[in-house]
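>>> Curious how this folds, go ahead:
(chains A, B and C)
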Amino acid sequence: MNVLRLSLGFAVGAISLFLILPILVVVPLSFNPEPYFSFTRSMLLLQPDGWSLRWYREVAESAQWRLALKNSVTIAIIVTPVATALGTAAALGLRHLGGSVRTLVAAVLGAPLIIPVIIVATGTYLFFAPLGLTQSLTGIVIVHVVLAAPFVVVTVSGTLTTFDAQLSRAAATLGASPLRAFARVTLPLIVPGVISGALFAFVTSFDEAVVTLFLASYDQRTVPLQMWSGIRDQLSPAVLVVASLLVLLVAIMMVVANLVQALKRGGE
Amino acid sequence: MSISRLARATGLCVLGLGIPSSFAAESLTIASFGGQYTASQRQAHYEPFSKETGVDIKSVDYNGGLAELVAQVRSGSVSWDVVDVEMQDLDRGCADGLFEKVDIDALPAGADKRAAKDDFLDGALQPCGVGSVVWSNVIAVNEPAFQDAKPQTIEDFFDVERFPGKRGLPKRPNALLEWALMADGVAPGDVYATLSSEEGVDRAFRKLDTIKDQAVFWETGAQMIQLLVDGEVAMSTAYNGRVQGAISDEGKPLRILWDRQIWNADYYAVVKGTHAKKEADAFVRYATGTVPLAAQTGFIAYGPVRRSAEALINPAKAANLPTAKANFRHALAFNSKWWTDHGEAISERYASWLAR
Amino acid sequence: MRQRSPHRTGWTLVLPLLVFTLVTFLAPIGFMLWKSVYDPEVAGLLGQTRQALAKWQTSTGLPGPEGFDALSRDLRDLTGDGRVSQLALRLNRERSGMRQLIEVTADAIAEYDRPLLEIDPRWGDPDTWVLLKRMTQPLTARYFLSAVDLQQTPQGSIVRQDESRRIYVYLFGRTILVASVVTAVCIILGYPFAYALATARPRMQRLLFFIVMLPFWTSLLVRTTAWIVLLQRRGVLNEILVAMNIVSERSRLELIYNLSGTLIVMTHVLLPFFVLPLYAVMKGIPKQYVRAGKSLGAGPVRVFLRIYLPMTLPGVLAGAALVFILSLGYYVTPALVGGRTGQLISNQIAFHVQTSLNWGLAAALGSILLVIVVVLTMLLSRVTQRGVL
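Below is the predicted model of the structure:
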């Protein structure tokens, strides 16, 4: 028994390292004063001159990185509300459809989750070129919405399975207008699903590299594309800086989400 | 009704309008190969031109090939005005209608008053582009990787027994097949005739097989330099200018092997449908003038394509150019016509060779 | 009170996204499928030749004089605005040497009207005409044949591509192999992790959850960068091993920029996709079942094999299916860390879209990949009794 336990603990520890170590290693390396991707002796000895903000400064001052950030945020800010609205509406509507129609519609809406993004990129590149939608932010936004909306459908549908449709009908028979019934009864129940769906939508858009690679011109480079060329063309520690910042962002997000949940649990 | 027209009609109805990127005529976007090469253009061509005309120049990096241009021209949203292209892309793009035609008579005479037609090297004036530099495919040697005997010839590059170590190879076959044959004993003059037969191509690939295990592949000039500087490879096929830059500007222990160099030229071409044709033409005329071309050799070791520019070059720099006498022995001219005819088939085969 | 039927409400809510998806997602994919079999470029350039050759039986040797005349007329019409070059390059892609033949012929016709056979003896070769006839037919199986390493001979039979040019079947095979290995490793690593996650005490559970969710939410590019930092020749791992004298300076491990790079990074990226669905299933298994088994005197191994494992199989299947299907289309990771031997079929598709500009072939390869993914998804959703959503 103890042997089993111990070996399970050992295995889980090793797997945890596999999952987390590579991500954590990036952070200290971003303070490398040298243009290398590995630890220098003085860094390991924790000497103060072994650590520097050189690459942070470079990223902050780089017009390319700033443009990339601006593009990524612009795209994600348009994509997130549109995908969330479309996805939430679709999830709400989906319940009202009958059996086989519903399966079919769900399959169509869910297709972007399964179909490899390289196929999406190829198809949209060929289809959008004659429409003037390649080399434009519009084209990228459109595809990101399609890729992000299904996540919203899934998360909102998830909250709806625990939700009794009778409730809103009850509200209606009690004289509430449909809008009122929605605002008072349905909406509060699905809010967690909508929020996590919106989060998924934002991350999907912010992370997307392949379609953007095919559709974007130089002016529309996003953060992932800038990282892509940073990895491929010139391994500069500037990429590590951006990577570290993104990891930090995700970690903060998760801690906040955790705290919010803990508070809510405490409040109940 | 064709499907693409149908698609266009539906698309326009449903999607509304794309945002076309339009440029005021006071700025030009120029696409080039990045790194030290673009830096040399910026210093010798872009900045002086901006100073003279007030036209801002935005520099964009690309990695050769026509894909991005095709997308821009076919979709009608052209965001590049001028492109720096290699000869084979120039030929193909010209045939595909991606470039504006050059008005050769409008090019300025050389500094020595020679008419442009006589001043440019043979082949430097093309229907769709004006030549700027002669550059060369060479072998770069990472000196610390070889303690005793040092590689001197193209045969040595393919000899992994006598000169062990990783070899950097390009992800496209251009120039590489020529080297494989020359290392296998084919005289430079016979290279393209040999390659034109199936047996010749087989022979080149058999030679490549001998170093495949030791090969590391690069895609861009920047990657190539990185591999050499990091010591990831002992030797690599390379563009001479970037290697020279790493040697003279950064003091890296690299050496250029000029044996069997394969020289090529780059061109400035104006993109069809540019919003600033007048400025773009003016830029091409300016940048390919005697003085800017000579100035460029100060920033990168590529030779000017105007004869009149040679007199203006710093002699110390001149020795590092592909066209310097000592370097030019055993040189092979890259045959872009041959590659236009056979490139598709060869690239397919190379891709298949790479994948296995 | 007027009450809208729930059915109509449903459609009103679903339609916006449905229409949007149909137009901007399914239409492009349909367009790609169409492109893989439809290529009107040459037919558009050689309209008269197309008509003249329509009735010609390729087995009867050369076409009649009307074929020769039509081609001469077409070439004369094309001369002057660059379309000869367009035609020449397009045909050259099918057969090396066609560019030169077309350009020489067009020049000669424009200068003084000579018969084709006098201009170049290749016009006396029926194979040249077979190529023209095939290329002027807009509907074509050419791209699909190329995509599975086949070709059509001038005589019309379908044979395998030359040995040295076969590549796509091999790459589809490698793609499936990589997907299988990644899936297997995800099962091996993911199962104990999900088990620990489902059974740990709250504090430990929160930590493990953080460990699996941090990579899940972290950008793919960031994770790929991280592995490059760790695994490259002068990366963290090799530096440590060299410093500890475990490997020598000359024999640094080559873990990345090859197949192993693709496998390691893809496993890391996809592991959370296996763990999370499995965890959801494990959490739903009541503890009483396991306790009941134990109270009946079964050993822990027996309880696990007989009770726990079978109950978690649906989760394993769902997670494995997800990982496998996602693996098939991976592009970014192999492109950045796969080097030469770690490239997958997606990389070839991107190559033909972006570099070789052979869009028909890219579309055909994409269509095959699409069919594989869709068929697998349908099979698996039948097995797991769940739809895509």
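
>>> helix or strand for residue B:321, which one?
Residue B:321 is located outside every helix and strand, with elements delineated by DSSP states H and E.

>>> meant to ask about residue B:58, not that
Going by DSSP H and E, residue B:58 is in strand B:56-61.

>>> Residue C:341 now?
Secondary structure assigned from DSSP H and E places residue C:341 in neither a helix nor a strand.

>>> My read is that it contacts residue C:259, right?
Yes: with contact defined as C-beta atoms under 8 Å, residue C:341 and residue C:259 form a contacting pair (4.5 Å). (Each C-beta comes from the backbone N, C-alpha and C, glycine too.)

>>> if you average pLDDT over the strand holding residue B:58, what comes out?
Confidence for strand B:56-61, expressed as mean pLDDT, is 89.

>>> Could you do stretch B:97-107 as well?
Per-residue confidence for stretch B:97-107 averages out to 92 on the pLDDT scale.

>>> ok, and does it reach over to chain C?
Yes: using C-beta under 8 Å from any C-beta of the partner chain, stretch B:97-107 reaches chain C at residue B:97.

>>> gap between the two ends of that stretch?
Using C-alpha to C-alpha, to the nearest Å, one end of stretch B:97-107 lies 22 Å from the other.

>>> how far does it sit from the chain's center?
In terms of C-alpha atoms, centre = their mean, to the nearest Å, the gap separating the centre of stretch B:97-107 from the centre of its chain is 20 Å.

>>> Show me which residues of that stretch are buried.
For stretch B:97-107, burial by neighbour count (16 or more other C-beta atoms under 10 Å in any protein chain shown) applies to B:97-100, B:102, B:107.

>>> Next: stretch B:116-127.
Taking 16+ other C-beta under 10 Å as the neighbour-count basis, stretch B:116-127 is seen to contain the buried residues B:116, B:119-120, B:124-126.

>>> what sits up against it?
Residues from elsewhere that reach stretch B:116-127 (C-beta atoms under 8 Å, 6 or more residues apart in numbering or on different chains): B:87, B:90-91, B:94, B:101-102, B:104-105, B:107-110, B:130-131, B:134, B:265, B:267, B:290, B:305-308.

>>> can I get the buried residues of stretch B:97-107 in TSV with distance to residue A:91 and secondary structure?
Formatted as TSV, the buried residues of stretch B:97-107 follow (distance: C-beta to C-beta, whole Å; DSSP: H, G, I helix; E, B strand; the rest coil):
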residue	distance to residue A:91	secondary structure
B:97	48	coil
B:98	46	coil
B:99	50	strand
B:100	52	coil
B:102	58	coil
B:107	64	coil
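
>>> From these, pick the one nearest chain C.
Comparing the buried residues of stretch B:97-107 against chain C with C-beta to the nearest C-beta places residue B:97 closest, at 5.4 Å.

>>> Just to be sure, which of the contacts of stretch B:116-127 are found in helices?
Among the contacts of stretch B:116-127, the subset assigned to helices under DSSP state H consists of B:87, B:90-91, B:94, B:290.

>>> before we move on, the earlier item: same list, the buried residues of stretch B:97-107, but as JSON lines with distance to residue B:190 please.
Listed next are the buried residues of stretch B:97-107 as JSON lines, based on distance: C-beta to C-beta, whole Å:
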{"residue": "B:97", "distance to residue B:190": "36"}
{"residue": "B:98", "distance to residue B:190": "34"}
{"residue": "B:99", "distance to residue B:190": "33"}
{"residue": "B:100", "distance to residue B:190": "38"}
{"residue": "B:102", "distance to residue B:190": "33"}
{"residue": "B:107", "distance to residue B:190": "36"}
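
>>> Of the residues you listed, which ones also sit close to chain A?
Answer for the buried residues of stretch B:97-107 near chain A: none qualify (C-beta under 8 Å from any C-beta).
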